[in-house]
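K.L.:
No sequence on hand, only this structure:
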Ligand code: KG4
Ligand code: ZN
């Protein structure tokens, strides 16, 4: 069950009809702030740090410094676009973890100070739980999953299959033993000479190529766990081998290579999802996290509705990659449960969902 702080700080708490949550996300390389009116998003501002592109991956120290520069203007923009004043806010929700410590500390310290200054409650949010609960953001065409459902979180830092019994009752059924699926996309892209983050580019080129041109091996991993490091190595050796005989191999076959990599990754994910559905008997399947923006996984899930009779839940693009709106929806549900954090709360780089 979810941990509720005992030494809570509930200043001026009155039952209000309308709850305004200001949410802050700073776990990796996106600084984001959102305002929610109850379960509706009224603003969601994301500032993606470009500085990491030239290094081929996120540099933690630079990420932390960029968050420090971005956080005030991003929060200001979110309030401006929501057209509300700070004084109307009911609570501040922030990402406590998991993520990069230096990045998390910026959002955590900012949220704590603002909550203290405004004399309103503070709500800590688990980032991975937020990727899952993003499905509960009120949207016109959105059907929310009924409990229990299966959620596959696929991001740059995580790959998990989670049984979601209730908002704050989640059980991890399987996870990656090494690289996350987003890393598999990004590292493959790097081998192909594509800039960071390569996932969206692999997706773009894959849509123009033949997915069966270059077969890559699928790992044999027990249960519902995943492994992606072997795939990365086999892609590396394959490219090195082919480039020896044809130095332009990568450039000449980019679309087919990307399509084949994406096809293999999607098959690995879908095999495990099918196994999870079989083992649990739960046919409601949701995805969340940056890789759920991928066209291959989105169409594989849609096909599974017809093929296997599943009900599937795919987030809107803006709620796939890191954003504060998903932090806000968790904030809203915790607010209703009065699950507030105390001012002595700290960020948590490793933070397992429960
Ligand atoms: O959830 P997210 O924004 O950050 C983390 O919590 O890690 O996920 C970022 C990851 C990156 O690895 C990025 O390459 C991947 O999501 N990604 C994609 C696509 N869009 C983002 N991977 C494959 N296809 C995409 N369209
Ligand atoms: Zn994420």
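P.N.:
Ah, there it is. On a predicted model such as this, the values are computed, not experimentally measured, just so you know. Ligands and ions are numbered 1, 2, ... in the order given.
K.L.:
Closest residue of the stretch 251-354 of the chain to ligand 2?
P.N.:
residue 322 (4.5 Å; C-beta to the ion). C-betas here are computed from N, CA, C, even on glycine.
K.L.:
what sits against that residue?
P.N.:
25, 27-28, 30, 32, 46, 127, 290 (C-beta atoms under 8 Å, 6 or more residues apart in numbering).
K.L.:
Can the helix or strand encompassing residue 72 be said to contact ligand 1?
P.N.:
In the assignment (DSSP states H and E), residue 72 maps to helix 60-82. No. Using C-beta under 6 Å from any ligand atom, helix 60-82 never reaches ligand 1; the gap is at least 11.8 Å.
K.L.:
The helix or strand where residue 45 lies: which residues count as buried?
P.N.:
Residue 45 is part of strand 40-48, with elements assigned from DSSP H and E. Across strand 40-48, burial judged by 16 or more other C-beta atoms under 10 Å covers 41-47.
K.L.:
need those in CSV with distance to residue 184 and pLDDT, can you?
P.N.:
Shown next, in CSV, are those (distance: C-beta to C-beta, whole Å; pLDDT from 0 to 100):
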residue, distance to residue 184, pLDDT
41, 30, 98
42, 36, 98
43, 33, 98
44, 28, 98
45, 29, 97
46, 24, 95
47, 26, 91
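K.L.:
farthest pair in those residues?
P.N.:
Greatest spatial distance among these (C-beta to C-beta): 42 and 47, at 18.2 Å.
K.L.:
need the residues of the stretch 101-250 of the chain near ligand 2, please.
P.N.:
residue 155 (C-beta under 5 Å from the ion).
K.L.:
Output the set of residues of the stretch 101-250 of the chain in proximity to ligand 1.
P.N.:
Residues of the stretch 101-250 of the chain lying near ligand 1 by C-beta under 6 Å from any ligand atom: 155-157, 182, 185-186, 197, 199-200, 203.
K.L.:
most surrounded residue in these?
P.N.:
Tallying neighbours with other C-beta atoms under 10 Å puts residue 185 at the head of these, with 31 neighbours.
K.L.:
ok, it to residue 71 distance?
P.N.:
For residue 185, the distance to residue 71 equals 28 Å [C-beta to C-beta, to the nearest Å].
K.L.:
how about whichever residue of the stretch 201-350 of the chain sits closest to ligand 1, what does it touch?
P.N.:
Going by C-beta to the nearest ligand atom, ligand 1 is nearest to residue 290 of the stretch 201-350 of the chain, at 2.1 Å. Residue 290 is in contact with 154-156, 182, 199, 320-322, counting by C-beta under 8 Å, 6+ apart.
K.L.:
just these now: which is nearest residue 134?
P.N.:
Within those, proximity to residue 134 (C-beta to C-beta) peaks at residue 320, which comes in at 8.2 Å.
K.L.:
ok so, going back, which two among the contacts of residue 322 are spaced furthest apart?
P.N.:
Longest distance between any two of the contacts of residue 322 is 14.2 Å, between 46 and 127; criterion C-beta to C-beta.
K.L.:
Run the angle between the helix holding residue 72 and strand 40-48 for me.
P.N.:
140 degrees (axes from the mean of the first three to the mean of the last three C-alpha atoms, to 10 degrees).
K.L.:
what about the helix or strand following helix 60-82, distance to the chain center?
P.N.:
Next helix or strand after helix 60-82 toward the C-terminus (DSSP H and E): strand 91-97. Centre-to-centre, strand 91-97 and its host chain are 15 Å apart (C-alpha atoms, centre = their mean, to the nearest Å).
K.L.:
partners of strand 91-97, with directions?
P.N.:
Applying DSSP bridges to the sheet, strand 91-97 is found paired with strand 20-25 (parallel), strand 122-126 (parallel).
K.L.:
JSON lines please, covering those strands and showing distance to residue 162.
P.N.:
Converted to JSON lines, those look like this (distance: least, C-beta to C-beta, whole Å):
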{"stretch": "strand 20-25", "distance to residue 162": "19"}
{"stretch": "strand 122-126", "distance to residue 162": "11"}
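K.L.:
most neighbours per residue, which of those strands?
P.N.:
The highest mean neighbour count among the strands paired with strand 91-97, using mean count of other C-beta atoms under 10 Å, belongs to strand 20-25: a mean of 29.
K.L.:
Where does the prediction get shaky in the stretch 101-250 of the chain?
P.N.:
Low-confidence segments of the stretch 101-250 of the chain (pLDDT under 70): none present.
K.L.:
Going along the chain, name the strands of it.
P.N.:
Assigned by DSSP state E, counting those that start in this stretch, the strands in the stretch 101-250 of the chain fall at 122-126, 149-154, 159-166, 169-175.
K.L.:
For the second one, which helices and strands make contact with it?
P.N.:
When you say that, I think you mean strand 149-154. Under the contact definition 3 or more C-beta pairs under 8 Å, 6 or more residues apart in numbering; DSSP states H and E, strand 149-154 sits against helix 127-133, strand 159-166, helix 254-280, strand 284-288.
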